[in-house]
Structures are given as structure tokens and as C-alpha cells.
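just to be clear, the model below is a prediction. Sequence and coordinates:
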Amino acid sequence: MQDLSRFEEFARLATEQRNPRTLDLDTLDIPGVLERISAEDHGVPAAVAMEIPHIARAVELVVASFREGGRLIYVGAGTSGRLGVLDASECPPTFGSPPERVQGVIAGGPGALVRAVEGAEDRGEEGERAMDEREVGPRDTVIGLAASRRTPFVVAALRRARARGARTAYVTCTPRSEFGLEVDVAICPVVGPEVVMGSTRMKAGTAQKLVLNMITTTAFVCCGKVYENLMVDLMATSEKLVERSRRTVMSVTGVDYEAAARAIAAAGGSVKIAIVMLKRNCPRDEAEARLRRAGGFVRAALEGKT
């Protein structure tokens, strides 16, 4: 009876329904399959947009954690877990954040990033252990990622994080009316049944990726990591990023390529400091002081009084 109960719960999930618009999928030619997938994908951004008030609340939690010296920790399994690790790994080169500031935890460990670890998502005790090992606490925000909202690894991790005092959020493609878990905020972009029943790497995965982009980008904008629409705290760890750094300084200040390179070198590799030095025609120590007083925001450092 217990197995039947679990089956019935699983069968009711929004992510496990059959899509009436793709029942003939196996009869279509290649362009036909692609057109059907594309048509279904069109609804994803609208579903995400409806969740902006809830995404905004999650961003507020993350910003509060960052300002307190805490962390954002994603927890997921399968596709959801990989998306969390991906978003976390992109933050240091994009925003110059310490690698530990945004972390991704995936059921089954790092090996699950490239090969499915069967059954890992069902091990709730491992989700709890992951929170204990990272010493999650009141300064942190933990965001669970699960298309179906029921993944035991994620549910247990969020429960333990909450018990340890962390702020918590959940990103799921289950309707809010069916959510029922105790978190500070639930983000529920309902994208409808997948083109292939249950293949949540598709629309559900796309929706989660959009939400994570919005959370970290907005949080770091609110922490002064962007000036206008430019990365000004990026880490120049590759030739591409070195050139982007120089182009950023050129775009903001109007200097030529060589002058931008010299300014960045004089600023110790910091795009922010180089911009303030050039725009305010001041030495490095003054530029650094301006940025400190401005809380790291370039616009405020440029507009502030000496």
C-alpha cells in the first residue's frame, strides 16, 4: 500500500503529466519535432515572469546574506543540481566573488555532474549531512532546486538548513498551491507538461536556469558588482576576460587600448579602481578610498565628494 501511495503521489505531479500537444511526437519528421519543442519553449519566459515578486524576495535574502558575509548555497539533484553548480561556478569570473560565496551542492557529489548517480536524490540523510558539513548558519541562504519539489535529498537539506537558522528558498515547477514545504519563499514557474513526459531537463530545466540567472545577477548588481551594464569586478583569468577588462575601461572612460591597459595595471588589476582613477583623475589610494566609502559602488564613488 505504501508503494501504491507513493506511485499515486508521483503520478499527480505537474511535472509528470502527459502533454496533449505532443501525443503525435513519434510521427513527426525532424523539423516537425523541432517546431513542437520550440513552440513549447515559448511559454517558459512568461511562466518565469509571473514569479518575479517571489524571485525578488529570494534576491533580498541573498543580498542580506552577502552583506553579512554569508553564502548562497544551491542544493539539487540531477539536472537541477547541475544547474546550481553551473550558476555557482560562473560567479567568480563574472563578478569577482570568492569561490565560496556561491556554492552548488548536487546529490551524489561532484561525479554526478557528468554521470547520473542512481538513487542519490532519494538519500535525504546525505542532504542533511551536506548542510552540516558546510556548517550552514543564520548568515546563509540555501535555495533548493527540484522541478517536482519532492526530491528527498533537497527537501531534507532545506529542512536541516532551516533548523540551523539559514534563510531558505525553493525553485520548483510545481504550482504554489501544491507546494506545502516550509521555506521563506517559494518560486514556482509552472511550465506545464514536458514535450517528452517527465523529461524535466527541458522546459523545467530552462525555467530554473532563467531563475538562477536572475537571482545571482540581480544580487550582485545590488552589491556593486556592475556599473551601468558592465562587469567591473570580473576576474581576468583568461585572455578573453583580460580583453573584456580593457574594453570596459575604454567604454566608460574614453581612453584608448594602451591607456586602459596601463590604468588596469596601475590599479593592481582592478577594473573598478582603474575607472575611478581615470574618471576622477586621481591616484590609486584615493580611488580605493572613494570605493570604500561608496561601499564598492562605482557610480557613488564617481559622484561622491572628495
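In hand now; what should we look at? Residues are numbered from 1 along each chain as shown.

show me the protein divided up by domain.
26-35+39-221, 226-303 (automatic domain parsing).

just the ones you listed: most buried one?
domain 26-35+39-221 (a mean of 19; mean count of other Cβ atoms under 10 Å). The C-beta positions use only the backbone N, C-alpha and C, and glycine is treated the same way.

and the pLDDT for Ala236?
Note on Ala236: pLDDT of 78.

does it count as helix, strand or coil?
Here Ala236 takes the coil state, with states given by DSSP: H, G, I helix; E, B strand; the rest coil.

what average pLDDT does the helix or strand harbouring Arg262 get?
Using DSSP states H and E, Arg262 sits in helix 257-266. For helix 257-266, mean pLDDT rounds to 95.

what does stretch 45-57 give?
98.

which residues does that stretch contact?
When contacts are defined by Cβ atoms under 8 Å, 6 or more residues apart in numbering, stretch 45-57 is touched by residues 169, 184-191, 207, 210-211, 214-215, 218.

out of those residues, which are inside helices?
Applying DSSP state H to the contacts of stretch 45-57, the entries found in helices are 207, 210-211, 214-215, 218.

and the residues you listed as JSON lines, adding pLDDT and distance to Gly269?
Listed next are the ones in helices among the contacts of stretch 45-57 as JSON lines, based on pLDDT from 0 to 100; distance: Cβ to Cβ, whole Å:
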{"residue": "Ala207", "pLDDT": "97", "distance to Gly269": "37"}
{"residue": "Leu210", "pLDDT": "98", "distance to Gly269": "32"}
{"residue": "Val211", "pLDDT": "98", "distance to Gly269": "32"}
{"residue": "Met214", "pLDDT": "98", "distance to Gly269": "29"}
{"residue": "Ile215", "pLDDT": "98", "distance to Gly269": "28"}
{"residue": "Thr218", "pLDDT": "98", "distance to Gly269": "26"}
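
just send those residues back as JSON lines, with distance to Ile37 too.
Formatted as JSON lines, those follow (distance: Cβ to Cβ, whole Å):
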{"residue": "Ala207", "distance to Ile37": "15"}
{"residue": "Leu210", "distance to Ile37": "17"}
{"residue": "Val211", "distance to Ile37": "20"}
{"residue": "Met214", "distance to Ile37": "23"}
{"residue": "Ile215", "distance to Ile37": "26"}
{"residue": "Thr218", "distance to Ile37": "29"}
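
SS state for Tyr74?
Using three-state DSSP, the structure places Tyr74 in strand.

got a list of what it touches?
81, 83-85, 87-88, 102-105, 142-143, 145, 212.

now it. Nearest residue, chain neighbours left out?
Residue nearest to Tyr74 in three dimensions, not counting chain neighbours: Gly84, with 3.0 Å by Cβ to Cβ, 6 or more residues apart in numbering.

just checking, that neighbour touches Ala112?
No - counting by Cβ atoms under 8 Å, Gly84 does not reach Ala112; the two are 11.6 Å apart.

overlap of the contact sets of the two?
Common neighbours of Gly84 and Ala112, using Cβ under 8 Å, 6+ apart, are Ile106.

spell out the residue ranges of the strands in the chain.
72-76, 102-106, 141-145, 167-171, 185-187, 226-227, 230-231 (DSSP state E).

now these as a markdown table including distance to Asn19 and mean pLDDT?
As requested, the strands of the chain are exported to a markdown table (distance: least, Cβ to Cβ, whole Å; pLDDT from 0 to 100):
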| stretch | distance to Asn19 | mean pLDDT |
| --- | --- | --- |
| strand 72-76 | 23 | 98 |
| strand 102-106 | 27 | 97 |
| strand 141-145 | 22 | 98 |
| strand 167-171 | 21 | 98 |
| strand 185-187 | 23 | 97 |
| strand 226-227 | 38 | 96 |
| strand 230-231 | 39 | 93 |
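
to Val298, which of those lies closest?
When the strands of the chain are compared by Cβ to Cβ, strand 226-227 sits nearest Val298, at 3.8 Å.

list the neighbouring strands of that closest one plus their orientation.
The strands that strand 226-227 pairs with in its sheet are strand 230-231 (antiparallel) (by DSSP bridges).

quick one: contacts for Gly84?
So Gly84 contacts 74-76, 104-106, 143, 145, 212 (Cβ under 8 Å, 6+ apart).

again but with Pro110, I slipped
Going by Cβ under 8 Å, 6+ apart, the list of residues near Pro110 is empty.
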